[in-house]
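**Q** only geometry, no sequence info:
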């Protein structure tokens, strides 16, 4: 795989980033393309390891050693064909996936792992530039019609697979443009939206129809969907955010991350922000972000670009070690400190903190966050005398999601829910209602984009089997 001695000869090279002082002034992508020679040199590091554990780390089972070898040998068209055989949208995962494949790389046992994510991005961008990515409409149509509710990565992956199987596919999206959280949740500095539009153009040319501003569950009922379509796939995501029920939560200036981030994305794309309670801005404010994950980091980078006076990101858990913790040995996803590009742009991160209450001014605006230092999980016991306060004009809650929104189409279709409020589905992704399927976060709970793509592909196999009695669509064995 690659060059036999490549892993001994070449060191890992990180993808280039634009300078901090430049990138905080705009919303263009932080990470930059790498020269083809650099990408080929990094592909040469892929070992002839015998058992490629990167496959087990990748939720879509990307055939990573094979396309690394093809890149090394300058066979880029073959590489994109191999990459597309398992992943419909490598331009998304090559930008925003946390790369669990790299955590499972065999070389990573005692050396920095292969730069899989960077190589993946380079393959697909080279393919678009070279004209290798073209519409692939089906040779014939089955006459079957499928409705997909939600146009995030799960819905889009299922739509492309089912359309290529010959079914007529309509994707319903509540917002003005397709993409789900890819478009409205992930900042442009991580994923510019022309990347989504480019792929949507291919899908539309293949025959996929997109119905935007679609109020499914109200103007479009479950009964109507069942009557018009032969199968319905739910891919609405998990949009119910985890709240913080503490004194002062009612103060103005405390918002969920997914109230804050979509507004800025819409500003960049010159869409109406559509938030009834007014514009949310970090400009000139002391910003405190509660939650140490990717969404919190996105709030961090967005606040820096909006010109916040200060930015503090709080995390309940202790600060992870710089290197892989002994509790998560290879090839498990490692517990270790991760620093996003946003964290290089100013501000502070604080661990082992539990917020106790907020206080405000006479006009009902939040002005201070009050917290206490805590011990290790699972008890998170407060440390005596560790209470402290932070100035806070804007508080952003980025503590994850607890499941899909209840009611609406869920009640109308009447499918069973699991103990967490997610859609319960069988091994073929069909819910308790025959012909109604579920994929992505609405089925498995909040997860990664790469898991959503895997779910969409698997659900497409299930839908195709239901409609035709059998399916040739590939599925991920998970």
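**A** Received the coordinates, thanks. The structure presented is a predicted model; accordingly, all values stated were derived computationally and were not measured. Residues are numbered from 1 along each chain as shown.

**Q** shouldn't residue 417 be in contact with residue 425?
**A** No: assessed by Cβ atoms under 8 Å, residue 417 is found out of contact with residue 425, at 10.5 Å. Every C-beta, even on glycine, is put in place using the N, C-alpha and C of the backbone.

**Q** hey, what's in contact with both of the two?
**A** When contacts are counted by Cβ atoms under 8 Å, 6 or more residues apart in numbering, residue 417 and residue 425 have no shared neighbour.

**Q** Neighbour count: those two, which is higher?
**A** Applying other Cβ atoms under 10 Å to residue 417 and residue 425 shows that residue 425 carries more neighbours, namely 24 against 15.

**Q** Distance of the nearest residue to the more buried one once chain neighbours are set aside relative to residue 155?
**A** Excluding the flanking residues, the one nearest residue 425 by Cβ to Cβ, 6 or more residues apart in numbering is residue 438, at 4.7 Å. Distance, residue 438 to residue 155, using Cβ to Cβ, to the nearest Å: 11 Å.

**Q** shared neighbours of the two, anything?
**A** Common neighbours of residue 438 and residue 155 (criterion: Cβ under 8 Å, 6+ apart): 233, 235.

**Q** Please identify the buried residues of stretch 96-108?
**A** Buried residues in stretch 96-108, counted by 16 or more other Cβ atoms under 10 Å: 96-108.

**Q** for stretch 415-422, that is, sorry about that
**A** Going by 16+ other Cβ under 10 Å, stretch 415-422 has these buried residues: 415, 421, 422.

**Q** As TSV, these with pLDDT, secondary structure and distance to residue 252 would be great.
**A** Formatted as TSV, the buried residues of stretch 415-422 follow (pLDDT from 0 to 100; DSSP: H, G, I helix; E, B strand; the rest coil; distance: Cβ to Cβ, whole Å):
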residue	pLDDT	secondary structure	distance to residue 252
415	95	coil	38
421	92	coil	29
422	95	coil	32
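
**Q** so can I have a markdown table of these showing distance to residue 278?
**A** Putting these into a markdown table (distance: Cβ to Cβ, whole Å) gives the following:
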| residue | distance to residue 278 |
| --- | --- |
| 415 | 37 |
| 421 | 30 |
| 422 | 33 |
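
**Q** For residue 353, name its beta-bridge partners.
**A** Counting by DSSP bridges, residue 353 forms beta bridges with residue 373.

**Q** Pull the number of nearby residues for it.
**A** 23.

**Q** Show me the shaky parts of the stretch 1-150 of the chain.
**A** For the stretch 1-150 of the chain, applying pLDDT under 70 flags the ranges 1.

**Q** let's see it at 90
**A** Residue ranges of the stretch 1-150 of the chain with pLDDT under 90: 1-4, 48, 50, 56.

**Q** list the contacts for the closest residue to residue 205 other than its chain neighbours?
**A** Nearest non-adjacent residue to residue 205, counting by Cβ to Cβ, 6+ apart: residue 135, 3.7 Å away. Residue 135 makes contact with 202, 205, 206 under the criterion Cβ under 8 Å, 6+ apart.

**Q** could I get those residues as a markdown table with neighbour count and pLDDT?
**A** Formatted as a markdown table, the contacts of residue 135 follow (neighbours: other Cβ atoms under 10 Å; pLDDT from 0 to 100):
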| residue | neighbour count | pLDDT |
| --- | --- | --- |
| 202 | 15 | 98 |
| 205 | 12 | 98 |
| 206 | 17 | 98 |
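
**Q** which one among these gets closest to residue 75?
**A** Using Cβ to Cβ, residue 202 comes nearest to residue 75 of the contacts of residue 135, at 22.2 Å.

**Q** Help me confirm that that closest one comes into contact with residue 133.
**A** Yes: using Cβ under 8 Å, residue 202 is in contact with residue 133, at 6.6 Å.

**Q** Where does pLDDT dip in the stretch 301-450 of the chain?
**A** Using pLDDT under 90, the stretch 301-450 of the chain drops low at 406-408.

**Q** can you pull the buried residues of stretch 469-478?
**A** 471, 473, 475, 476.

**Q** Determine the number of other residues adjacent to the closest residue to the first one other than its chain neighbours.
**A** Once flanking residues are discounted, residue 471 sits nearest to residue 464: 3.8 Å by Cβ to Cβ, 6+ apart. Here the neighbour count serves as a burial measure; for residue 464 (other Cβ under 10 Å) it reads 27.

**Q** now swap in residue 298 and tell me
**A** Neighbours around residue 298, by other Cβ under 10 Å: 25.

**Q** Quick check: phi and psi on it?
**A** Dihedral pair for residue 298: phi -60, psi -40, per degrees, to the nearest 10.

**Q** which one is it nearest to, not counting chain neighbours?
**A** Nearest non-adjacent residue to residue 298, counting by Cβ to Cβ, 6+ apart: residue 187, 5.2 Å away.

**Q** Can you give the distance of the helix or strand harbouring residue 195 from its chain's centre?
**A** Assessed by DSSP states H and E, residue 195 sits inside helix 194-206. Offset of helix 194-206 from its chain centre (Cα atoms, centre = their mean, to the nearest Å): 18 Å.

**Q** hmm, who's touching the helix or strand that that helix is followed by?
**A** Using DSSP H and E, the helix or strand that follows helix 194-206 in sequence is strand 209-211. For strand 209-211, the external contacting residues (Cβ under 8 Å, 6+ apart) are 151, 168, 169, 170, 171, 172, 173, 178, 200, 204.

**Q** Just confirm residue 79 is within a strand.
**A** No: under the criterion used here (DSSP: H, G, I helix; E, B strand; the rest coil), residue 79 is helix, not part of a strand.

**Q** List the contacts of it.
**A** By Cβ under 8 Å, 6+ apart, the neighbours of residue 79 are 67, 70, 71, 123, 127.

**Q** how about 6 Å then?
**A** 67, 70, 71, 123 (Cβ atoms under 6 Å, 6 or more residues apart in numbering).

**Q** Please apply the same query to residue 232.
**A** Each residue near residue 232 by Cβ under 6 Å, 6+ apart is listed here: 147, 225, 436.

**Q** tell me which element the second one falls in.
**A** Looking back up the chat, that one is residue 225. Per DSSP H and E: helix 222-228 holds residue 225.

**Q** In the following helix or strand past that helix, which residues are buried?
**A** Next helix or strand after helix 222-228 toward the C-terminus (DSSP H and E): strand 231-234. Neighbour counts over strand 231-234 (16+ other Cβ under 10 Å) mark 231, 232, 233, 234 as buried.

**Q** mind putting these in a markdown table, pLDDT included?
**A** Formatted as a markdown table, these follow (pLDDT from 0 to 100):
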| residue | pLDDT |
| --- | --- |
| 231 | 98 |
| 232 | 98 |
| 233 | 98 |
| 234 | 98 |
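
**Q** Tell me the one of those residues nearest residue 48?
**A** Nearest to residue 48 among the buried residues of strand 231-234, counting by Cβ to Cβ, is residue 233 at 40.3 Å.

**Q** rewinding a little: the residue nearest to residue 205 is in what secondary structure piece?
**A** When the helices and strands are read off by DSSP H and E, none of them contains residue 135.

**Q** Please apply the same query to residue 355.
**A** strand 353-360.

**Q** Before I go, just wanted to say thanks for your time.
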